[in-house]
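Engineer: Could you look at this predicted model? Sequence included:
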Amino acid sequence: MSLCLFLIFGNFLRIIPIHIGMGGLNVGEFFLYFIALIYSSLNFNILLRSKPLLLSILIISLSYFFGFLKWGYSLTSTAYYFRLILQFVASFIAGISLYKVFAKNTELIIKKIIYLYFIIAIISFIIFIIYPNNGDLLLILANNDIDFIGDAHIGRLVSPYIDPNYYSLIISFPIFIIISLNNKISIYRLNIIFVVLLLSLIFTYSRSGISLLILLFLFHIFYRSKDISIYDYFKYSILFLIFICILFISGLYEKIVLRFFEMGSDDSALTRLYSFNLGNDLIGENFILGYGYNYSAEILSSIRGSPALDSSLQNLILNFGFILFFIFCLSYFIFFINTKRYFKDDKFASNLFTSINIYFLFVLLWASNFNPIILYTFWLIPFLSIIFYFDVRKTVELNCQK
């Protein structure tokens, strides 16, 4: 419940005006970490049973201590190190909670997740109607001594996260899940929910989010072409034509197309290009071991006024280096294969796990090159919570078989 409220209210929970370099303190995030610490202290042995959690903490710790040895102590790096550890622990605890509440009923879990993001989409539209220019919203936050770091967007849906690009990548997840598991999810008025989610994505006018969903959709069509019936093809085609007509009639089509074709002269696109080139230069200087987790923040701040690059993929390699990043990718691949093999007899769980990881792969290799989404709290914790659910369920069931 606390995680759901955290995701619904988003950055509006930055109500305590404490200046820590990232705006006001998000009390929802603080509460999640507090729960994680309490639970961990009372059930520390449970944490030790999760190999993915322990390996993740080990990789993060090795990166941080390498940076500590190379650059010395940094308060900012230390704070972000503990924050990332707590995000993984909080996600693992959320995964345990999902298993305790829903057990093997993965279909009910995904239903609740879709309903959750439907509520977030509705709230996003309400914010959009009240504040079509989110610069007015940022001004209100600033007047209340909450210095939220973000750009002003006119005529773009920004969501409770007060950022259209982050929201577009987050909302692409439930949209893709509905597409990939359409015939396997029995939700009342599912098509209406799908339309609302899709419209909320379109109204962000986010190039990265819209292109991500297009790539996911095309992959789904070709990857699962044998499983898609003629009826599904017809339904997808009709929905696609309806939305094209809506876009043309409303004038949204022209605005979206212009955002894609003006990338060569668009300030945000040029900034990302500069960030990408800078990232390549910095990665080349410490390619093998990286800078150490978040030890690149001060260097980047002095160069471009921001503690991170625009590309999550570059940030990961820059911080962790090639060796640790490769170890993490290889470990996750092994985890995926073993988990997929274990759930082969549970078709819904297996398909859901595959869809989640297809989404993750496209976010990592494509969308994360334009936005630092991977370590973004409102994306990372929900994603890890579902992944840890599968880990917890597999561990519990294997122990019961002994």
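Structural biologist: Thanks, I have the structure now.

Engineer: For the stretch 101-250 of the chain, just list every one of the helices.
Structural biologist: Applying DSSP state H, counting those that start in this stretch to the stretch 101-250 of the chain gives helices spanning 106-130, 134-143, 164-180, 190-202, 207-223, 230-250.

Engineer: Just send the ones you listed back as TSV, with mean pLDDT too.
Structural biologist: Listed next are the helices of the stretch 101-250 of the chain as TSV, based on pLDDT from 0 to 100:
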stretch	mean pLDDT
helix 106-130	94
helix 134-143	76
helix 164-180	93
helix 190-202	89
helix 207-223	86
helix 230-250	60
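
Engineer: Out of these, which gets nearest to I373?
Structural biologist: Smallest distance to I373 across the helices of the stretch 101-250 of the chain (Cβ to Cβ): 5.1 Å, for helix 164-180. Every C-beta, even on glycine, is put in place using the N, C-alpha and C of the backbone.

Engineer: Mean pLDDT per helix and strand in this structure: which one sits at the bottom?
Structural biologist: With mean pLDDT, DSSP states H and E as the measure, the helix or strand of the chain carrying the lowest mean pLDDT is helix 252-261 (a mean of 51).

Engineer: Name the next helix or strand following it along the chain.
Structural biologist: Using DSSP states H and E, the helix or strand that follows helix 252-261 towards the C-terminus is helix 267-285.

Engineer: helices or strands up against that next one?
Structural biologist: If you count contacts as 3 or more Cβ pairs under 8 Å, 6 or more residues apart in numbering; DSSP states H and E, helix 267-285 packs onto helix 297-304, helix 312-342.

Engineer: Out of the ones you listed, indicate the one that is most buried.
Structural biologist: helix 312-342 (a mean of 18; mean count of other Cβ atoms under 10 Å).

Engineer: which residues touch the helix or strand that it is followed by?
Structural biologist: Counting by DSSP H and E, the next helix or strand C-terminal to helix 312-342 is helix 347-365. Contact with helix 347-365 is made by 104, 106-107, 110, 169, 172-173, 176-177, 180-181, 184, 212, 215-216, 219-220, 223, 312-313, 336, 339-340, 343-344, 373-374, 383, 386-387, 390, as judged by Cβ atoms under 8 Å, 6 or more residues apart in numbering.

Engineer: at 7 Å instead, please
Structural biologist: Contact partners of helix 347-365, identified using Cβ atoms under 7 Å, 6 or more residues apart in numbering, comprise 106-107, 110, 169, 173, 176-177, 180-181, 184, 212, 215-216, 219, 313, 336, 339-340, 343-344, 373-374, 383, 386, 390.

Engineer: Of those residues, keep whichever come out buried.
Structural biologist: 106-107, 110, 169, 173, 176-177, 180-181, 212, 216, 219, 313, 336, 339, 343, 373-374, 383, 386, 390 (16 or more other Cβ atoms under 10 Å).
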